[in-house]
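**Q** fold the following for me, if possible:
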Amino acid sequence: MNKAEYYLRLNKAIDFIEANLDKTFSLSSVSKHAFSSLSHFHRIFYFMTGLTIKNYIRRRRLSNAGIQLLTTKRSIIDISFEAQFDSPESFNKAFKKMFHLSPREFRKKRPEFQIMNKLELQYNIHPKQPENILLDFVYLPSQIIGGVKTRTTLENGQQTYDIPIFFEKVIQDKLLLYMPNVIDNKKLFGIYSDMSDEEEFDYTVGLLVENTPAVKEKYVYHILPATEYARFSVQGNARELENAWRYIYGCWMPISGRSRQKGLDFEIYYSDKTDVYIPMISQR
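**A** I've put the predicted structure just below:
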């Protein structure tokens, strides 16, 4: 996929959001206007804009509500339901969080305010690859990873807190010590899966195993398919790893001319670096 098509698809998804702000729709329906994978769209949107899809939609709806409060005589209840809030109470809470005034106070005081405008994503320049990231393309055979998982969310960047804490817990509490059929207990994997409409996803810390046991007990298992991967070797700490993800999905992916393959993104952790793997459609 070339960069022009990438941005065209993203803007088509934004156009769909804009045309349906006063209606109920799922995030899956938004992603279908851009990409087949909801998880891929979540990452692209989040790392390109700094906003989750859900947060962007909420802020656009509240911005429209603010304009209507000042330019129409419609009731606050009608405006709140058109903005797809379940109740006037939930609308009041969200509105006050964004504008620091209740809808009633906002209409009365008529303050100057800054709205969330419709996003227009445009390709500008080719970003420079960070010096602490090395990129190559590798073919990996099919692998089975067994491990333990936690559930986290992109909302408010919560994953940047939850994942390091969970990772340390797995290590300190030796949660993988008795997992059966382990082939290599030195190479730790981090796997991202099961992204939901609510922007929640699973993060699994695991090890390479020989097979999936009949009785899985407390462990979860992922099969990583044989395919080509873009491998980003990242030097640095957890913050630099997060910045690497931002570069991969926010900068590199849209202008790379490459297309992502169906499959799971994962990391392999070493003492001095982390390798990030993204499944790609081969150009061979």
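**Q** could you look up the SS state of the residue lying closest to Pro111 once chain neighbours are set aside?
**A** Nearest non-adjacent residue to Pro111, counting by CB to CB, 6 or more residues apart in numbering: Leu101, 6.7 Å away. For the C-beta atoms, the positions are set from N, CA and C on the backbone; glycine is no exception. Put simply, Leu101 is coil when judged by DSSP: H, G, I helix; E, B strand; the rest coil.
**Q** Leu101 contacts Arg110, doesn't it?
**A** No - under the criterion of CB atoms under 8 Å, Leu101 is not in contact with Arg110, lying 10.2 Å apart.
**Q** tell me which of these two has more neighbours.
**A** Set Leu101 next to Arg110 and count neighbours by other CB atoms under 10 Å: Leu101 wins out with 17 against 9.
**Q** now the more buried one: phi and psi?
**A** Main-chain dihedrals, Leu101, degrees, to the nearest 10: phi -140, psi 150.
**Q** wait, what's in contact with it?
**A** Going by CB atoms under 8 Å, 6 or more residues apart in numbering, Leu101 touches 95, 109, 111.
**Q** what's the pLDDT at it?
**A** Predicted confidence (pLDDT) for Leu101: 96.
**Q** Pro127 now?
**A** For Pro127, pLDDT reads 66.
**Q** again, but for Pro213
**A** So, for Pro213, pLDDT stands at 83.
**Q** mind listing what the nearest residue to it once chain neighbours are set aside touches?
**A** Distances taken as CB to CB, 6+ apart put Pro180 closest to Pro213, at 5.5 Å, once the chain neighbours are dropped. Applying CB under 8 Å, 6+ apart, we find Pro180 in contact with 146, 209, 213.
**Q** doesn't Asn181 make contact with the last one?
**A** In this case it means Pro213. Yes - between Pro213 and Asn181 there is a contact at 6.3 Å, judged by CB under 8 Å.
**Q** where along the stretch 101-250 of the chain do the helices fall?
**A** 103-109, 159-172, 238-247 (DSSP state H, counting those that start in this stretch).
**Q** I'd like the ones you listed as JSON lines, with distance to Leu70 and mean neighbour count appended.
**A** Output for the helices of the stretch 101-250 of the chain, formatted as JSON lines (distance: least, CB to CB, whole Å; neighbours: other CB atoms under 10 Å):
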{"stretch": "helix 103-109", "distance to Leu70": "7", "mean neighbour count": "15"}
{"stretch": "helix 159-172", "distance to Leu70": "37", "mean neighbour count": "15"}
{"stretch": "helix 238-247", "distance to Leu70": "36", "mean neighbour count": "18"}
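**Q** dump those to TSV, plus distance to Tyr6.
**A** Listed next are the helices of the stretch 101-250 of the chain as TSV, based on distance: least, CB to CB, whole Å:
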stretch	distance to Tyr6
helix 103-109	38
helix 159-172	24
helix 238-247	15
